[in-house]
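got a predicted model here, sequence first, then my questions.
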Amino acid sequence: MSPEYAMEGQYSTKSDVFSFGIILLEITSGKRNTDRDKGRVSLNLIGHVWDLWREGKALDIVDSTLGESYPIDVVLRHILIGLLCVQENAFDRPSMLEVIFMLGNEVSLPTPKKPAFLFNSANNLDSESSGESSMNEITSTTISAR
């Protein structure tokens, strides 16, 4: 679900692009966005791919069952397109027409900006150790009449 829909209820064609980006990253990695891997710093696939991309280790996300039987340049291109689709700001995401063009043609691609929904487990570990009751750092206020 795109951040603008989740947070503000706004839906557009860029919401579909966001979902397509998630699916592209899930297919490439063989993992669901919400799967939790032991030893992974990020709590979701988007954050994990983003971290690996920034470290220059994007191929570490590729499904291990593929072995070495894939064209590296094509897989890196798919990861980059996936990251472009899940950028936080909907205006930064390409349209589906642009995505299809990028997938089918050898065009230069822009550098992706920060994706939406980056969840870092280190933050959640700090929250747990400090004794707070909420893992997502949300506070709840109960209003009662006098």
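All right, it came through fine.

those helices in this structure, which residues are they?
3-8, 13-29, 45-54, 72-85, 96-104, 121-129 (DSSP state H).

select, out of the ones you listed, the one closest to Pro115.
Pro115 lies closest to helix 45-54 among these, at 5.0 Å (Cβ to Cβ). From N, CA and C alone the C-beta is placed, and that goes for glycine too.

could the helices of the chain go into TSV alongside distance to Val62, mean neighbour count and mean pLDDT?
Listed next are those as TSV, based on distance: least, Cβ to Cβ, whole Å; neighbours: other Cβ atoms under 10 Å; pLDDT from 0 to 100:
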stretch	distance to Val62	mean neighbour count	mean pLDDT
helix 3-8	26	14	60
helix 13-29	6	19	88
helix 45-54	10	20	89
helix 72-85	6	19	92
helix 96-104	17	14	94
helix 121-129	22	13	40
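
how close does the closest residue in space to Ser29 that isn't next to it in sequence sit to Trp50?
Closest residue to Ser29 apart from its sequence neighbours, by Cβ to Cβ, 6 or more residues apart in numbering: Ile61 at 4.7 Å. Relative to Trp50, Ile61 is positioned 10 Å away (Cβ to Cβ, to the nearest Å).

give me the contacts around stretch 25-38.
22, 43-46, 48-49, 61-66, 75, 78-79, 82-83, 86 (Cβ atoms under 8 Å, 6 or more residues apart in numbering).

and if we set it to 10 Å?
22-23, 40, 42-50, 52, 58-66, 70, 75-76, 78-79, 81-83, 85-86, 115, 117, 121 (Cβ atoms under 10 Å, 6 or more residues apart in numbering).

against Gly104, how distant is Ala116?
Counting by Cβ to Cβ, the gap between Ala116 and Gly104 amounts to 26 Å.

coming back round to it: and Thr111, which of the helices of the chain is closest to it?
Comparing the helices of the chain by Cβ to Cβ, helix 72-85 comes nearest, at 8.6 Å.
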